[in-house]
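J.: What shape does this take:
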Amino acid sequence: MTFTAIDFETAIGYHPCSVGIVTVENGIIVDEFVTLIKPPNNSYSPFTIQVHGIYPRDTVNAKSFAQVYPEIQKRLQNRVVVAHNESFDRNVLAKSMALYNLDYADLNIASRWECTVKIYRAKGLRPTKLSDCCREMNIALNHHEALSDARACAKLYLMK
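T.: Residues are numbered from 1 along each chain as shown. Next up is the predicted model:
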């Protein structure tokens, strides 16, 4: 099993404030990457702050999505991509790329990613929030911390 798992935390709408990426080669985690991202105007919704605990003060000096993108690109390009609720993370990536005039097609990844929500729902697990799946599968999780979420997603995918 060779793939890349990704998780975004967002500041407002589809604007990311953090990304976690876990690279798996032949069933083994070989690389982990996490960084804060300064959203446009460093704007946040009070709701998202409550969810992940990332504040504007945490990202005021962080790199923009465009500045972080080369690290994302090298980890995703030509890969099978996995996310928990893939449509959300895929939209964060696609909309952020569009905002900075980056071409999604250049990544050469599927238009729909592998989705651990769908996989575990098909296995009969309910509810299928990441925290529920991790509790059921005995996977450690610091929920809404991007790297922990991406790592948990990778482990869920490995156990599918």
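
J.: low pLDDT regions in the chain?
T.: Along the chain, the model assigns pLDDT under 70 to no residue.

J.: Alpha carbons only: can I get stretch 149-159 in CSV?
T.: The C-alpha coordinates for stretch 149-159 follow below in CSV (Å, rounded to 0.1, in the frame of the first residue of the first chain):
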residue,chain,number,x,y,z
ASP,A,149,-5.5,13.6,11.8
ALA,A,150,-3.5,12.7,8.7
ARG,A,151,-1.6,10.0,10.5
ALA,A,152,-4.8,8.5,11.9
CYS,A,153,-6.3,8.6,8.4
ALA,A,154,-3.3,6.8,7.0
LYS,A,155,-3.6,4.1,9.7
LEU,A,156,-7.3,3.7,9.1
TYR,A,157,-6.6,3.3,5.4
LEU,A,158,-3.9,0.7,6.1
MET,A,159,-6.4,-1.2,8.3
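
J.: Pull the residues that contact that stretch.
T.: Residues outside stretch 149-159 that contact it (Cβ atoms under 8 Å, 6 or more residues apart in numbering) are 1, 3, 5-7, 20-22, 24, 27, 29, 32, 34, 82-84, 114, 116, 119-120, 130, 133-134, 137, 139-141, 143. No exception for glycine: its C-beta is placed from N, CA and C like everyone else's.

J.: For the protein, just list every one of the helices.
T.: 46-52, 56-59, 65-76, 86-99, 116-122, 130-137, 146-158 (DSSP state H).

J.: Make a ChimeraX selection of the buried ones in the contacts of stretch 149-159.
T.: Here is the ChimeraX selection string for the buried members of those, based on 16 or more other Cβ atoms under 10 Å:
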select :3,5,6,7,20,21,22,24,34,82,83,84,114,116,119,120,130,133,134,139,141
